[in-house]
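[1] Sequence first, predicted model second:
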Amino acid sequence: MNEAKKYTIEILGNEYVIHSDESQEHIIHATACVQRFLDDIVAHNTHIDPKKAAVLAALRMASHIVHLEDKLSHTESKGKALVNELEGILCNAC
């Protein structure tokens, strides 16, 4: 595990100091992702409270994560089925 580093990021005009063992590139990418979600919410709700925008952004991100987990689970299931099918073919060939 890498040693935690200190990063200063800016989201919606506010600075935050975080400590993470992730790379700087990872932190920059994650920050940009959060900012994009928030920008989209604020663009459609110009008078929204920043806390509400943050909660809505978190819900959208969680929804994306759930979709990705579902896709991963489906892909893993298909992979296991293919392995079983190949094992059956190989066993029958012997």
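    Perfect, thanks for sending it.
[2] for the strand or helix carrying residue 30, packing partners?
    Here residue 30, judged by DSSP states H and E, is contained in helix 24-44. If contacts are counted by 3 or more Cβ pairs under 8 Å, 6 or more residues apart in numbering; DSSP states H and E, helix 24-44 sits against strand 5-11, strand 14-20, helix 50-93. Quick note: C-beta positions are derived from backbone N, CA and C, even for glycine.
[3] In CSV: the ones you listed, plus mean pLDDT and distance to residue 43.
    Shown next, in CSV, are these (pLDDT from 0 to 100; distance: least, Cβ to Cβ, whole Å):
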stretch, mean pLDDT, distance to residue 43
strand 5-11, 95, 15
strand 14-20, 95, 18
helix 50-93, 91, 10
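[4] residue contacts, residue 71?
    Contact analysis of residue 71 by Cβ atoms under 8 Å, 6 or more residues apart in numbering lists nothing.
[5] how much space between it and residue 15?
    Distance, residue 71 to residue 15, using Cβ to Cβ, to the nearest Å: 35 Å.
[6] now, of the helices and strands packed on helix 24-44, which is deepest in the fold?
    Greatest average neighbour count among the helices and strands packed on helix 24-44 goes to strand 5-11 (a mean of 13), per mean count of other Cβ atoms under 10 Å.
[7] Output the contacting helices and strands for that one.
    Counting by 3+ Cβ pairs under 8 Å, 6+ apart, strand 5-11 packs on strand 14-20, helix 24-44.
[8] How many neighbouring residues does residue 35 have?
    If you count neighbours by other Cβ atoms under 10 Å, residue 35 ends up with 15.
[9] check contacts around it.
    Per Cβ under 8 Å, 6+ apart, neighbours of residue 35: 11-12.
[10] do that again at 7 Å, thanks
    Residues near residue 35 by Cβ atoms under 7 Å, 6 or more residues apart in numbering: residue 11.
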